[in-house]
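Novice: no FASTA, just this:
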């Protein structure tokens with residue numbers, strides 16, 4: 001078990017390509033927003049259309065209140081994600097839905113976190129990865145892992161995840177002495 005690994009950029013692109021080829025508008029929008037938003041699954045599935053869409057367009061940034069911490073967290077919505085969200089919001093299935101990811105049978109309001117987890121397993125399996133090594137938290141970690149890898153900026157990652165304590169961010173990323181030394185070696189004075 002343990003922490004689920006983040007996806008690597010090549011995995012993100014492979015999943016996106018599969019979803020685009022399959023013309024799976026909802027899953028592409030959900031996947032893209034999961035990576036961009038860095039939200040926990042419970043917050044992602046409860047998003048409202050109004051959280052990301054206003055005045056006839058998808059927002060470039062938005063803020064939501066996290067259910068676990070009851071603290072606000074902001075996130076950006078990249079152009080590709082905005083395009084996929086716009087296509088999803090314009091889909092006839094979305095007519096009259098307040099929730100961004102409407103449910104069907106047992107929960108007519110929004111998809112469940114369990115359903116979201118099943119989708120993630122399917123996306124990961126579709127590109128040949130072992131599903132047991134990844135989960136919904138993999139998507140939450142994906143972008144911040146790349147941000148940390150490229151910048152070494154723990155404070156930025158802490159803010160993006162909405163963590164109140166740096167210790168949480170360090171544990172979350174699995175930062176160890178090797179990471180610290182690699183960053184230090186890259187800096188000359």
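Specialist: The structure has been received and is ready for your questions. Keep in mind it's a predicted model, so treat the numbers as computed, not measured.
Novice: contacting residues for the spatially most central residue of the chain?
Specialist: Central residue of the chain (CA atoms, centre = their mean): residue 34, 2.3 Å from the mean position. Residue 34 sits next to 44, 120, 136, 139, 140 when contact means CB atoms under 8 Å, 6 or more residues apart in numbering. All C-beta spots, glycine's among them, are computed from the backbone N, C-alpha and C.
Novice: now with 10 Å?
Specialist: 41, 44-45, 81, 116, 119-120, 123, 136, 138-140, 142-143 (CB atoms under 10 Å, 6 or more residues apart in numbering).
Novice: which one (most neighbours) among those residues?
Specialist: residue 139 (31 neighbours; other CB atoms under 10 Å).
Novice: returning to what we had before: make JSON lines from the contacts of residue 34 and add pLDDT, distance to residue 93 and secondary structure to it.
Specialist: Compiled in JSON lines, these are given as follows (pLDDT from 0 to 100; distance: CB to CB, whole Å; DSSP: H, G, I helix; E, B strand; the rest coil):
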{"residue": "41", "pLDDT": "94", "distance to residue 93": "21", "secondary structure": "helix"}
{"residue": "44", "pLDDT": "97", "distance to residue 93": "18", "secondary structure": "helix"}
{"residue": "45", "pLDDT": "96", "distance to residue 93": "16", "secondary structure": "coil"}
{"residue": "81", "pLDDT": "97", "distance to residue 93": "19", "secondary structure": "helix"}
{"residue": "116", "pLDDT": "97", "distance to residue 93": "17", "secondary structure": "helix"}
{"residue": "119", "pLDDT": "97", "distance to residue 93": "16", "secondary structure": "helix"}
{"residue": "120", "pLDDT": "97", "distance to residue 93": "21", "secondary structure": "helix"}
{"residue": "123", "pLDDT": "98", "distance to residue 93": "19", "secondary structure": "helix"}
{"residue": "136", "pLDDT": "93", "distance to residue 93": "22", "secondary structure": "helix"}
{"residue": "138", "pLDDT": "91", "distance to residue 93": "27", "secondary structure": "helix"}
{"residue": "139", "pLDDT": "92", "distance to residue 93": "22", "secondary structure": "helix"}
{"residue": "140", "pLDDT": "87", "distance to residue 93": "26", "secondary structure": "helix"}
{"residue": "142", "pLDDT": "88", "distance to residue 93": "27", "secondary structure": "helix"}
{"residue": "143", "pLDDT": "89", "distance to residue 93": "27", "secondary structure": "helix"}
